[in-house]
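J.: Sequence below, structure please.
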Amino acid sequence: MYESFYRLSGKPFQLSPDPEFFFGSRGHRRAMAYLEYGLHQAEGFIVVTGEVGAGKTTLVQQLLRRLPANNVVPVQIVTTQLEAEDLVRIVASSFGLSDTGDKSTLLIRLEAYLRELQAQGRRALLIVDEAQNLGARAIEELRMLSNFQLGTKATLQSFLLGQPELRDLMQRPEMRQLKQRIIAAYHLGPLDRPETQQYVEYRLGHVGWTGDPSFDDAAFDRIYALSHGIPRRINTLVDRLLLAGYLGEKHALAESDVIDVAAELRMELGPRRGFVGPVGTTPQNGEPAGALPAESVDGGDTDAAAATREPAEASSLAALEERVALLESTTGMIFGTLKKVLRLLRTRASESERTVA
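T.: Predicted coordinates for the structure are as follows:
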């Protein structure tokens, strides 16, 4: 929508990973070096962790573009909560093998395929995304797959990508055998303030940006402060900022514009943190939050129990009223944005008609 207004050749801040927009920050270059080193070793595990939206998937996609197609056969799987047998089944299917049969049949089929690749002078690379969701048994299954060998050479190498929880998982005592197979590990941190500005300008430049719209330094300061240097958060914020600039027909974007857009996003994304009381908190009296007093359980002081429930019910009602008000505000904001777009399109259509006449 805003691309034509700012004369851009495409959408610069889409949320889905795109290796075409790979930005080589200091951290991303270092992580890439670890991946390339691990790939050169042709065995074991490489572990890359980072916050949600830090650019792990884009990093691996960029690596895959550099791989010699004739030598490496890569497959990538995204896991949720998989049992060990399910993981073996998905790995076999990802390599194009039949996933029918029991676990032993799948393992025999998979090992035969890996040996065949090795005999052809090729090797398999397994990339497991969202690996922090794997259970201990599933990770142990990955370790067992790494035992497949032809002579002295491993027939399967694995990259594990995950959120910081994966690092915690690796510290468990039952993971000590897998840790011995890890040849490199790297945590991908956020961008710093200069890199945040370079990242925004790089992505804009990739679609033909020539300085329209312009951003003042304070705008970049605010983008960094709000996004904490996480690329996906930057994408979300700046994409909406450009839309707001288009709707307001602005060619210069300031800190105040970033603040306004951030406020809109917070409203659209739902209730504020703490809107509903935290679950499992323990008040000073030692009772779990939301629990009835002990007297009511024993059938004792029912009046006291009723008195306790009344404030809670009033609080729930107030929370519901605030939620309704939030939905009304969000609906009104979306409606207002659509009206602006319609009005702008009508104005441009009228101008085009006058030009033709």
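
J.: Setting aside sequence neighbours, what's the nearest residue to R89?
T.: D99 (4.6 Å; C-beta to C-beta, 6 or more residues apart in numbering). Bear in mind the C-beta positions are built from the backbone N, C-alpha and C, glycine included.

J.: scratch that, S94 is what I was asking about
T.: V75 (4.0 Å).

J.: now I182
T.: Closest to I182 by C-beta to C-beta, 6+ apart is F45, at 4.7 Å.

J.: What of N70?
T.: That would be R122: by C-beta to C-beta, 6+ apart, it lies 7.2 Å from N70.

J.: right, and L166 touches V48 too?
T.: No: between L166 and V48 there is no contact under C-beta atoms under 8 Å: 9.0 Å.

J.: anything in contact with each of these two?
T.: Common contact partners of L166 and V48 (C-beta atoms under 8 Å, 6 or more residues apart in numbering): L160.

J.: Can you identify each of the helices in the stretch 201-350 of the chain by residue range?
T.: 217-227, 231-247, 255-268, 294-297, 302-356 (DSSP state H, counting those that start in this stretch).

J.: any idea which of those helices scores lowest on pLDDT?
T.: Here those differ in mean pLDDT, and the lowest is helix 294-297 at a mean of 37.

J.: just to revisit the earlier point, residues touching the residue nearest to N70, list them.
T.: By C-beta under 8 Å, 6+ apart, the neighbours of R122 are N70, N71, V72, V73.

J.: Show me which of these are buried.
T.: Neighbour-count burial (16 or more other C-beta atoms under 10 Å) is assigned, among these, to V72, V73.

J.: Out of the contacts of R122, which is nearest to H206?
T.: Of all those, H206 sits closest to V72, with 27.3 Å by C-beta to C-beta.

J.: quick one, phi/psi of that closest one?
T.: phi -120, psi 130 (degrees, to the nearest 10).

J.: Okay, and the beta partners of the spatially closest residue to it that is not a sequence neighbour?
T.: Nearest residue to V72, sequence neighbours excluded (C-beta to C-beta, 6+ apart): L125, at 5.4 Å. For L125, the beta-bridge partners are P74, Q157 (DSSP bridges).

J.: Would you confirm that L125 contacts Q157?
T.: Yes: under the criterion of C-beta under 8 Å, L125 makes contact with Q157 at 5.4 Å.

J.: Overlap in contacts, those two.
T.: With C-beta under 8 Å, 6+ apart, L125 and Q157 have common neighbours L39.

J.: Work out for me the element F13 sits within.
T.: Using DSSP states H and E, F13 is not contained in any helix or strand.

J.: Can you give me the buried ones in stretch 252-260?
T.: Buried-residue list, stretch 252-260, by 16+ other C-beta under 10 Å: L253, A254, E255, D257, V258.

J.: Report the contact partners of the fourth one.
T.: Taking C-beta under 8 Å, 6+ apart, we find D257 in contact with A219, L241, A244, G245, K250.

J.: Just confirm the third one contacts D260, I think it does.
T.: Yes: distance between A244 and D260: 7.0 Å, which falls inside the contact criterion (C-beta under 8 Å).

J.: which residues sit in contact with L39?
T.: L39 touches I46, L63, L67, V72, L125, Q157, counting by C-beta under 8 Å, 6+ apart.

J.: switch the cut-off to 10 Å
T.: Taking C-beta atoms under 10 Å, 6 or more residues apart in numbering, we find L39 in contact with I46, L63, R66, L67, V72, P74, R123, L125, Q157, F159, A184.

J.: how close does the second one get to F159?
T.: Here the criterion is C-beta to C-beta, to the nearest Å. By it, L63 lies 9 Å from F159.
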